[in-house]
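Trainee: Any chance you can model this:
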Amino acid sequence: MSSTQQAISSIIQSVEQSVIGQQHVVRSLVIGLLTNGHVLLEGLPGTAKTRSVKALATALNTSFGRIQFTPDLLPSDVTGTEIYQDHNGTPTLHFQPGPIFNSIVLADEINRAPAKVQAALLEAMAESTITVGDKTHQLHDVFMVLATQNPVEQEGTYPLPEAQMDRFIMKVTVDYPDDDAELDIIRLVRSEELDHVQLDSSGDVVQQHEEQITVDPAMILQARQELPAIEVSELVERYIVGLVMATRHPERYPESQLARWIDVGASPRASIALDKCARAQAWLHGKAFVEPDDVRSVLSNVLGHRFTLSYDALADGISRQDVINELLDHVVIG
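Mentor: As a prediction, this is how the structure comes out:
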């Protein structure tokens, strides 16, 4: 294992110590970071979405910004704005950066903000720049947006259109933890409370700060340079293309339910994202080449939000995961 892989592994271990029962979420965040992509987290309240993002920023020892999306939010609240200043009697405009100018940006409840605000954020995600007035400002080299949305409280929300959902390299579903994980969560919070305080000789409480394991963000840039060297055989390439094409031409699989369940298929961004994430998955496991299992392991998070379910599928209660399972059952390798 290279020093870069050891560094990334330590990031995963550090975050998993703070987030119990969400290992798949932690690995998805790291894959998004390695592929220079952005991740959408969908889950019910209290499932450690915000905690996961904060723990990742802490492990990277990098800047963290949080934007609480609300219906009255303005694009300038995200990007920043030019403010008037009087400098030695000369009126000037000075750019005041917004929270988007951080390395790790949490867009909390993104579906509660109007389309203009969502568009401003997604433009920054696509271009890694912000244009205010006649000036373009460059964002950080290590820059990732982690957006969250609540799947149940839809009143007063502005759901992301499919075209904007496509901008996220992965969409991760964050479920409730199981019994054992819930027990570990209680014990973790209790231990954190004990670790942060202790009594001195007089009986007074004194603060204690637990030492955190951190990694230089430059290791992320180094890891990104190593990903293109991961080999992808033509067999795996055709498997990736076959999975994506099955969403566009489900009639090729008449024995499946795909034609009845899929209304609009995935865009070419899906193939690109699937290739990148599969290589990142292989790299994390110390492999020099991508195997079909690497593709299958990231398929749900990469492809699940990139197609549109048909009316029949919605009427029958078919989930996106059901469609993914159907793809895996009928699209063969080779």
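Trainee: Mind listing what's buried along stretch 321-334?
Mentor: In terms of neighbour count (16 or more other Cβ atoms under 10 Å), stretch 321-334 has its buried residues at Val323, Ile324, Glu326, Leu327, His330, Val331. (C-beta placed from N, C-alpha, C; glycine too.)
Trainee: Give me the distance between the fourth one and Val132.
Mentor: Distance, Leu327 to Val132, by Cβ to Cβ, to the nearest Å: 43 Å.
Trainee: go on, the third one?
Mentor: Summarising the geometry, the distance separating Glu326 from Val132, computed by Cβ to Cβ, is 46 Å.
Trainee: Now do the closest residue to Val174 other than its chain neighbours against Ser9, distance only.
Mentor: Once flanking residues are discounted, Val174 sits nearest to Gly43: 3.0 Å by Cβ to Cβ, 6 or more residues apart in numbering. From Gly43 across to Ser9, the span is 25 Å (Cβ to Cβ).
Trainee: which one of the two has more residues nearby?
Mentor: Gly43 (20 against 15; other Cβ atoms under 10 Å).
Trainee: how about the more buried one, what does it touch?
Mentor: Neighbour list for Gly43: Lys49, Thr148, Asn150, Pro151, Thr173, Val174, Asp175 [criterion: Cβ atoms under 8 Å, 6 or more residues apart in numbering].
Trainee: before we move on, the earlier item: from the buried residues of stretch 321-334, which single one is nearest Ala229?
Mentor: Val331 (27.2 Å; Cβ to Cβ).
Trainee: That closest one and Ser256 touch, don't they?
Mentor: No. If you go by Cβ atoms under 8 Å, Val331 and Ser256 don't touch, sitting 9.1 Å apart.
Trainee: dump the residue contacts of Val332.
Mentor: Per Cβ under 8 Å, 6+ apart, neighbours of Val332: Gly242.
Trainee: tell me the secondary structure for it?
Mentor: Following DSSP: H, G, I helix; E, B strand; the rest coil, we place Val332 in the coil state.
Trainee: same deal with Ala280?
Mentor: Criterion first, three-state DSSP; result for Ala280: helix.
Trainee: That one: how many residues sit nearby?
Mentor: Neighbours of Ala280 under the rule other Cβ under 10 Å: 27.
Trainee: contacting residues for it?
Mentor: With Cβ under 8 Å, 6+ apart, Ala280 has these contacts: Ile31, Leu34, Thr35, Leu227.
Trainee: quick one: pLDDT of the closest residue to the first one other than its chain neighbours?
Mentor: Which is Ile31. The shortest distance from Ile31 to any non-neighbouring residue, by Cβ to Cβ, 6+ apart, is to Ala280 (4.6 Å). Ala280 carries a pLDDT value of 96.
Trainee: what about Ala280, distance to Leu274?
Mentor: Ala280 is 11 Å from Leu274, by Cβ to Cβ.
Trainee: Quick check: mean pLDDT of stretch 5-21?
Mentor: Averaged across stretch 5-21, the pLDDT comes to 87.
Trainee: going forward, begin numbering at 30 instead of 1
Mentor: Noted, 30 is the first residue going forward, which turns the last one into stretch 34-50.
Trainee: Pull out the buried residues from it.
Mentor: Gln34, Ala36, Ile37, Ile40, Ile41, Ser43, Val44, Glu45, Ser47, Val48, Ile49, Gly50.
Trainee: same deal with stretch 155-171?
Mentor: Those would be Ile159, Val161, Leu168, His169, Val171, for stretch 155-171 by 16+ other Cβ under 10 Å.
Trainee: One more: stretch 314-325?
Mentor: Quick answer for stretch 314-325 (16+ other Cβ under 10 Å): Val319, Glu320, Asp323, Val324, Arg325.
Trainee: The third one is in what secondary structure piece?
Mentor: Meaning Asp323. helix 321-332 (DSSP states H and E).
Trainee: Just the contacts of Gly72: which are in strands?
Mentor: Thr177, Thr202, Val203 (DSSP state E).
Trainee: Can you select the buried ones from those in ChimeraX?
Mentor: Of the ones in strands among the contacts of Gly72, the buried ones can be selected in ChimeraX as follows, counting by 16+ other Cβ under 10 Å:
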select :177,202,203
